[in-house]
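# I would like to see how this sequence folds:
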Amino acid sequence: MSCMLEREKYADYLASAIKEESPWIIEMRAGVSLLATRECEVEGKIVRSGFIINLTPSPDRPRVGRVDPLVLIEDEGDWRVVDSLWTLGRLAGGSTASAFAQNPMIMLDASSGPAIIRRMLPRIKELASISSEFPEILTRASDNSSVIGEKPLEEIQSILSNLIPYLYDTDVDIKGKINILLGSWGVEEFRKQFSLSLEAIRVIEDEAQSTYDNLSQLVRVDEFVALREEEFSLVGDRAEVTQRISLGWIFYSLGRRPTGEAYTKEFYNELGKRDLNEWIDPEDMSKWKEVMIRTIKEILRVWTDEKASKLSEEPELDSRSSTLDRMVRGFSEEEERKVSGSLERFF
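Below you'll find the predicted structure:
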C-alpha cells in the first residue's frame, strides 16, 4: 500500500536511517536502488542531470554495485541520454568523468551540473536519439555491464550520506528502493519461533546450491532476516511511499583478499515478499513487530505449501552438488595418500 507524506517528514526519517541515528537501519546486503535528478534549462534545452545507484544482491559480486551518471537532454522532441562514465568522459572530458567518480553529487549541484552539460551540448548529435516519454526513460532498467562505475558497498553507503541534503531539495526528484532491517535470527532460534522443520532448511540449501556451485561454495543457512522494503518517490514537496515485508536468509563464507587478509563474504537470498494492505507509521515499533511476525508466518505457509512434495521426500543419496563432489574427492584422495604412506613400511 502506498501513502502520500510531506517530503520533509519522510526525508527526516530517511536521513536518520542513513546516518544510523534511529532504530531503523538500512540493510545494504539486500540491495539499494536510487535515481536522483535535477531539471534545468541549458542554452534553451530542457535537461535532467543526476545519477543512478544500483546495488543488487549477486552471488558472484555480493558487495558490489554501480553508480552511473544520468543526463537527459531534450533535442527536437526526443531525448539524448548519457548513462555511463565512458560516455560522460567522451563528451565532457576525462577530468569530468574522474570528478563524478569521486563525487556523483556534482551532477545534482545547481551550478556544476549545468556547467558540465554545456560542455556536452556541441557533441550531443553523437548520441543516439531516443524517442520515448521522459518517465519511461527514468524507469527503464540499466543493462550496463561495464566494470567502469562499479563501487563497493561501503562507498555506496558514503554516497547515500552525501545525498542527505538533497532529500530536502524540492528541485531534485529522487526515486528509490531501500530495505530496512526489522529482525534477524540464527537458524535454531528462527526454527523454534516459527516452527520450521530441519527438512525445510535442507530444501532451502539444496535449491540454492546450484546457484553457488560455480563459486565453489557449499551452501548453508546461517541467518534469517525480515526486512521492510520501502519504494519511495520524492517529487516537489511530497513523498509517495510503498511498504512491503520480505523474508530472506544469509549464508556466510570465508574469503581471502590478494594481500592474504581473510574476510567474511555474505550472500543474501530472498525467500518471499508480501505487499501490505495498510499504511503503518515507521515510528510505530510495536505495530511493526506484530505485522512482521504475522507476515513471516504467511510467507512460510505459502512456501511450505509450494514445497510440500520436496519436504516429504527422502533426500537422494547421490544428489550432491559439483562443489560437494570436488570436496569429497579431495578428502578421499588425501586420505588415500595418508593410508598409502603409512602402509609402505610394512611391505
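
# List the contacts of the most centrally placed residue in the chain.
Per Cα atoms, centre = their mean, the C-alpha nearest to the average position across the chain is that of Gly31, at 1.6 Å. Gly31 sits next to 55-57, 177, 179, 268 when contact means Cβ atoms under 8 Å, 6 or more residues apart in numbering. In this view, the C-beta of every residue, glycine as well, is placed from N, C-alpha and C.

# So among the residues you listed, where is pLDDT lowest?
The member of the contacts of Gly31 with the lowest pLDDT is Pro57, at 87.

# and the nearest residue to that one once chain neighbours are set aside, how many neighbours?
Of all residues not flanking Pro57 in the chain, Tyr268 sits nearest, at 4.4 Å (Cβ to Cβ, 6 or more residues apart in numbering). With neighbours defined by other Cβ atoms under 10 Å, the count for Tyr268 comes to 22.

# and of the contacts of Gly31, the nearest to Leu254?
Within these, distances to Leu254 taken as Cβ to Cβ reach their minimum at Tyr268, with 17.0 Å.

# looking at it, that closest one is touching Arg63, isn't it?
No: if you go by Cβ atoms under 8 Å, Tyr268 and Arg63 don't touch, sitting 10.1 Å apart.

# Need the overlap of contacts for the two.
Contacts common to Tyr268 and Arg63, judged by Cβ under 8 Å, 6+ apart, are Arg29.

# What average pLDDT does the strand or helix carrying Arg228 get?
Here Arg228 sits within strand 223-235, counting by DSSP states H and E. For strand 223-235, mean pLDDT rounds to 96.

# Report the buried residues of the very next helix or strand once past it.
Next helix or strand after strand 223-235 toward the C-terminus (DSSP H and E): strand 238-256. Buried residues in strand 238-256, counted by 16 or more other Cβ atoms under 10 Å: 239-251, 253.

# next structured bit after strand 238-256?
strand 262-275.

# tell me the angle that next one makes with strand 238-256.
150 degrees (axes from the mean of the first three to the mean of the last three Cα atoms, to 10 degrees).

# so what strands line up beside strand 262-275?
As defined by DSSP bridges, the strand partners of strand 262-275 come to strand 238-256 (antiparallel).
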